[in-house]
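Trainee: build the 3D model from these lines:
(one chain, ligands or ions: 3)
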Amino acid sequence: MKTEPSPIEFPNASMRILDANANRAAEGLRTMEESARFVLSAHSLTAQLKRLRHDLTEAMARIPRINLLRARDTSGDVGTTATTPGEQTRPDINSIVAAATGRTQQALRCLEEYGKTIDAGFASQIERIRYRCYDVFADLEQICIAGNGRLARLNDARLYALIDCGSSEEAMVQRIASLADAGVDIVQLRDRNMDDRTLYQRAVAGTAAARRHGVLWIINDRADIAAASMADGVHVGQEELPVDQVRRIVGPQAIIGLSTHDVDQVHNAFASTADYIGCGPVFPGQTKQFDHFPGCPFLLEVSDMIALAEDRCLTRPAFAIGGIGPSNIRDVVEAGFGRVAVTGALAGDDLSDNAATLRRSLETVLHDEPFERATTR
Ligand SMILES: Cc1ncc(COP(=O)(O)OP(=O)(O)O)c(N)n1
Ligand SMILES: Cc1ncsc1CCOP(=O)(O)O
Ligand SMILES: [Mg+2]
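Mentor: Ligands and ions are numbered 1, 2, ... in the order given. Have a look, this model is predicted:
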């Protein structure tokens, strides 16, 4: 008759559990830290994860290391061969991070529960770390999830609205909600007269509001504020920081938009890591004054360039901008553009009607195939 091995003495088993779970938690935190650092270039999250890892090491220092090492018995561990098929494949960064967050959270709970049998102070130190982890892990997973679908959402987008900071944060957040309800896909915060602190605070509030309402959130001009507020991306012009420098600040997951005014600039944009282009100004408008209007002939050149490209990877989604509204959308569509970015036309009480009119026209232009970003970086 087969006999079960005699139970290991309880304190020794607890020590063995602490040893295994301290390793598990530290490995999980390090796995997340590498994603935050090398995949997302997320400075603050990287620092927070590093801090958590150090605090875990500090808490573990309360348990004599020699006791942990003496209790270790990897070859006698009946659980080492029990793997599931899911553990063997990780299709993308999201699944790596999701697995690491789950594993770390479980390991911390084990450390806390079994730690209570050895040192109550240790257990409460772990409990505090565990609570901090909930927020940090949620931020990390949200960034991964948001980043994952961004390019597909950008490719599907037709209607892009530019807004300013508004009279208050509540007013701006309400504006984002109304634009989303009206069928807008992307909202850009463009306010060239606002102080940095307010701009940053609005950018943060906008990131949360845009996620809630399912629109992409882009910050005009300021890569630093886009990165700090965890916005979906940043839009820059020809006179601002070059795209490769912007990319270093916002990281590989963020969307970068670039303004173009002639075909040379479009060629350069398509050769860069910019994810979409703005093309214009098309018509005079109330929002910004210009001396020169490339207009619809430029749009036609760009739409031909895109249509004739042999490889979709060599083009990007293009948004016409400048004085566009229901009265002239037909010209834009006839120039082959199915995407527009507007300020004035979506700033008044006629928002819903105008958005519906614009969308109806834009949807008559078929969308290009999604482009594959991986081949361009
Ligand atoms: C979608 C989109 N297209 C173009 C612009 C204009 O950017 P830029 O030329 O840098 O001018 P400012 O907006 O900074 O005045 C844009 N913001 N968005
Ligand atoms: C920022 C910008 N860049 C080119 S035109 C423009 C203003 C767009 O606003 P409107 O749609 O009111 O002309
Ligand atoms: Mg600009």
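Trainee: name the residues of this structure found near ligand 3, please.
Mentor: Proximity of the chain to ligand 3 (C-beta under 5 Å from the ion) is limited to residues 221, 237. Using the backbone N, CA and C atoms, a C-beta is placed for each residue, glycine as well.
Trainee: care to break the chain down by domain?
Mentor: 10-147, 157-376 (automatic domain parsing).
Trainee: surely residue 238 meets residue 265?
Mentor: Yes - if you go by C-beta atoms under 8 Å, residue 238 and residue 265 touch, sitting 6.3 Å apart.
Trainee: what about the two, which has more around it?
Mentor: Per other C-beta atoms under 10 Å, whichever of residue 238 and residue 265 has more neighbours is residue 265, with 16 against 13.
Trainee: in which helix or strand does that one reside?
Mentor: helix 263-271 (DSSP states H and E).
Trainee: any idea how many residues pack against the residue in the stretch 201-350 of the chain that ligand 2 sits nearest to?
Mentor: Closest contact between the stretch 201-350 of the chain and ligand 2, by C-beta to the nearest ligand atom, is at residue 285 (2.6 Å). By other C-beta under 10 Å, 19 other residues sit near residue 285.
Trainee: give me the nearest residue to it, chain neighbours excluded.
Mentor: residue 323 (3.2 Å; C-beta to C-beta, 6 or more residues apart in numbering).
Trainee: swap in residue 357?
Mentor: residue 326 (4.3 Å).
Trainee: give the burial count for the one you found, as a bare number.
Mentor: Residue 326: 16 surrounding residues under other C-beta under 10 Å.
Trainee: sec struct for it, please.
Mentor: coil (DSSP: H, G, I helix; E, B strand; the rest coil).
Trainee: if I pick it, what's in contact with it?
Mentor: Contacts for residue 326 (C-beta atoms under 8 Å, 6 or more residues apart in numbering) come out as 345, 353-354, 357-358.
Trainee: what's the closest of those residues to residue 198?
Mentor: When those are compared for distance to residue 198 (C-beta to C-beta), residue 345 wins out at 25.7 Å.
Trainee: from ligand 3, how far out is that closest one?
Mentor: 20 Å (C-beta to the ion, to the nearest Å).
Trainee: for residue 46, same thing?
Mentor: Using C-beta to the ion, one gets 28 Å for the distance from residue 46 to ligand 3.
Trainee: which strands and helices sit next to whichever helix or strand that residue is part of?
Mentor: Element membership of residue 46 [criterion: DSSP H and E] is helix 43-60. Counting contacts by 3 or more C-beta pairs under 8 Å, 6 or more residues apart in numbering; DSSP states H and E, helix 43-60 is packed against helix 10-34, helix 120-156.
Trainee: wait, residue 329 sits on residue 356?
Mentor: No - at 11.5 Å, residue 329 and residue 356 do not qualify as touching, with contact defined as C-beta under 8 Å.
Trainee: what residues does the protein put near ligand 1?
Mentor: By C-beta under 6 Å from any ligand atom, the residues of the chain that approach ligand 1 are 160, 188, 190, 220-221, 235-237, 240, 257, 259, 278, 288, 319, 321, 341.
Trainee: thinking again about what came up before, now render the contacts of residue 326 as a markdown table, adding neighbour count and pLDDT.
Mentor: Supplementary listing: the contacts of residue 326 in a markdown table, determined by neighbours: other C-beta atoms under 10 Å; pLDDT from 0 to 100:
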| residue | neighbour count | pLDDT |
| --- | --- | --- |
| 345 | 24 | 98 |
| 353 | 12 | 98 |
| 354 | 21 | 98 |
| 357 | 16 | 98 |
| 358 | 25 | 98 |
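Trainee: between those, which sits nearest ligand 3?
Mentor: Ligand 3 has its nearest neighbour among those in residue 345, at 19.9 Å by C-beta to the ion.
Trainee: ok, now which ones touch that closest one?
Mentor: 324-326, 354, 358.
Trainee: over to residue 126?
Mentor: Contacts of residue 126 by C-beta under 8 Å, 6+ apart are 56, 59, 108, 111-112, 115.
Trainee: okay, those in JSON lines with neighbour count and pLDDT next?
Mentor: What follows is those, written out as JSON lines (neighbours: other C-beta under 10 Å; pLDDT from 0 to 100):
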{"residue": "56", "neighbour count": "24", "pLDDT": "98"}
{"residue": "59", "neighbour count": "25", "pLDDT": "97"}
{"residue": "108", "neighbour count": "28", "pLDDT": "98"}
{"residue": "111", "neighbour count": "28", "pLDDT": "97"}
{"residue": "112", "neighbour count": "20", "pLDDT": "98"}
{"residue": "115", "neighbour count": "27", "pLDDT": "96"}
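Trainee: sorry, back to before: mean neighbour count, the helices and strands packed on helix 43-60: which tops it?
Mentor: helix 10-34 (a mean of 19; mean count of other C-beta atoms under 10 Å).
Trainee: got a list of contacts for that helix?
Mentor: 7-8, 46, 49-50, 52-53, 56-57, 60, 63, 67-73, 77, 96-97, 100-101, 103-104, 106-108, 110-111, 114-115, 117-118, 137, 140.
Trainee: quick one: buried ones out of these?
Mentor: 46, 49, 52-53, 56, 60, 63, 68, 71, 96-97, 100-101, 103-104, 107-108, 110-111, 114-115, 118, 137, 140 (16 or more other C-beta atoms under 10 Å).
Trainee: so residue 340 touches residue 161, yeah?
Mentor: No - using C-beta under 8 Å, residue 340 is not in contact with residue 161, being 9.7 Å away.
Trainee: show me what contacts residue 157?
Mentor: 185-186, 216, 317, 339.
Trainee: over to residue 281: give its phi and psi.
Mentor: phi -70, psi 140 (degrees, to the nearest 10).
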